[in-house]
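Fold the following, please.
(one chain, ligands or ions: 2)
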Amino acid sequence: MKIIQWYPGHMAKAMRLMEENLKLCDAVVFVLDARAPASSYNPDLSALVKGKPALYLFNKSDLADGKAEELCALVRKSGKAALCACASGRNTPRLLQTAMEALCEEKREKLAGKGSARPVRFLIAGVPNTGKSTLINALSGGKRAQVGDKAGVTKTKQWVRCGGFELMDTPGTMPPSFSDQSLARRLAYLGCINDEILALDEIALALLSELWEKYPQGLQERYGIEGGEPLEMLESVCKKRRFLLRGGEYDYERGERAVLDDLRKGKLGKICLDCAEDLERVGLV
Ligand SMILES: Nc1nc2c(ncn2[C@@H]2O[C@H](COP(=O)(O)OP(=O)(O)O)[C@@H](O)[C@H]2O)c(=O)[nH]1
Ligand SMILES: [Mg+2]
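Residues are numbered from 1 along each chain as shown. Ligands and ions are numbered 1, 2, ... in the order given. Sure thing, here's the model as predicted:
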């Protein structure tokens, strides 16, 4: 299997940018994908932000199942963590506001003690595509940060003022190398890694196999899959969706893209692919 590694120049640059700007920030929000909270956590960032108060936000909870809640509760035992869906729900801004206020109470008091009225500054960090810009838009009540459904939409840092906060939106950053390829693959499934650098055929087959093990129902219902080798499952997808080439052969490539697309849009059901051991492995618990 092709090793997944994605650390283009702009990410190294983004890491430097964060390092330089970190002293301006009072606290950090790590935006994770609730469908793979351990996989979408970049341990390199935690080294960067060291002693600052941190909130672990399990975003896209609308696409995740109860397992994400369990994992969030585990992280909450030793730190601050919350589930949310930044792109939906009228209560989201209030939820975010409350969680973030709780994080910076001490700083607020210190600032007030010094007679300073400056807003508390947050670094919004995470791997690409977890919803950092969407969070900022939800909080600021506007379309201030650019949003996109693929990795790499935010290219430079930007400060956004909202209420008593100042938020620094940052480009998503990956670790320079993954210690665990099974976690890297989950990032690939979820669209956090630029599809163009991936062997999508391998990713789609690995996804089918992992889903069959953990969430077979979605595959059964959407494609009529009844198990078998990953390639046979892909053939079921092609058959069901009538992805055929001239001559009647299966159009595997279209099938692969359809599976990934369906997963990313939540059409295979609510999921959470990581487990408690994965949280331990990346140092989140
Ligand atoms: N279903 C769902 N989609 C979300 C949520 N938050 C963000 N998104 C989508 O995820 C994609 C990436 O969002 P973006 O804010 O650009 O991510 P960033 O790369 O971390 O800044 C966009 O298509 C958003 O609409 C959420 O809570 N639920
Ligand atoms: Mg962004």
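
show me what contacts the closest residue to residue 263 other than its chain neighbours?
Spatial nearest neighbour of residue 263, excluding adjacent residues (CB to CB, 6 or more residues apart in numbering): residue 189 at 5.9 Å. For the C-beta atoms, the positions are set from N, CA and C on the backbone; glycine is no exception. Neighbour list for residue 189: 36, 203, 206, 207, 210, 260, 263, 264, 273 [criterion: CB atoms under 8 Å, 6 or more residues apart in numbering].

any idea which residue of this structure is furthest from its center?
Most distant residue from the mean C-alpha position of the chain: residue 247, 40.3 Å away (CA atoms, centre = their mean).

Doesn't that one lie inside a helix?
No: counting by DSSP: H, G, I helix; E, B strand; the rest coil, residue 247 falls outside a helix, being coil.

how much space between it and residue 58?
Shown here: residue 247 relative to residue 58, a distance of 46 Å by CB to CB, to the nearest Å.

Please apply the same query to residue 220.
For residue 220, the distance to residue 58 - CB to CB - is 27 Å.

of those two, who's got more company?
residue 58 (26 against 14; other CB atoms under 10 Å).

my read: that one touches residue 30, true?
No: using CB atoms under 8 Å, residue 58 makes no contact with residue 30, being 9.7 Å away.

Distance check, residue 119 against ligand 1.
Per CB to the nearest ligand atom, to the nearest Å, residue 119 is found 21 Å from ligand 1.

ugh, wrong one, I meant residue 32
10 Å.

do residue 15 as well
Taken as CB to the nearest ligand atom, the span from residue 15 to ligand 1 is 15 Å.

Which elements pack onto the strand or helix carrying that residue?
Assigned by DSSP states H and E, residue 15 belongs to helix 9-21. Judged by 3 or more CB pairs under 8 Å, 6 or more residues apart in numbering; DSSP states H and E, helix 9-21 is in contact with helix 43-49, strand 120-125.

Need the nearest residue in space to residue 199, chain neighbours excluded.
residue 2 is the one closest to residue 199 (CB to CB, 6+ apart), at 4.3 Å.

got a list of what that neighbour touches?
Taking CB under 8 Å, 6+ apart, we find residue 2 in contact with 198, 199, 202.

For the stretch 151-285 of the chain, which segments count as strands?
158-162, 165-169 (DSSP state E, counting those that start in this stretch).

and the first one, which strands flank it?
Taking DSSP bridges as the criterion, strand 158-162 pairs within the sheet with strand 165-169 (antiparallel).

what's the spacing between the partner strand and its chain's center?
Taking CA atoms, centre = their mean, to the nearest Å, one finds strand 165-169 lying 19 Å from the centre of the chain it belongs to.

Only alpha carbons, please: show it as PDB.
In PDB, the C-alpha atoms belonging to strand 165-169 read as follows (Å, rounded to 0.1, in the frame of the first residue of the first chain):
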ATOM      1  CA  PHE A 165     -12.900  37.200  21.100                       C
ATOM      2  CA  GLU A 166     -10.300  37.600  18.400                       C
ATOM      3  CA  LEU A 167      -9.900  34.400  16.400                       C
ATOM      4  CA  MET A 168      -6.900  33.400  14.300                       C
ATOM      5  CA  ASP A 169      -8.000  31.100  11.500                       C
END
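
what about it, near ligand 2?
No: Strand 165-169 stays clear of ligand 2 (CB under 5 Å from the ion), getting no nearer than 5.9 Å.

any idea how far the residue in the stretch 1-150 of the chain that ligand 2 sits nearest to is from residue 70?
Among the residues of the stretch 1-150 of the chain, residue 133 lies closest to ligand 2, at 3.4 Å counting by CB to the ion. Separation of residue 133 from residue 70 (CB to CB) stands at 28 Å.

Alright, that wraps it up for me.
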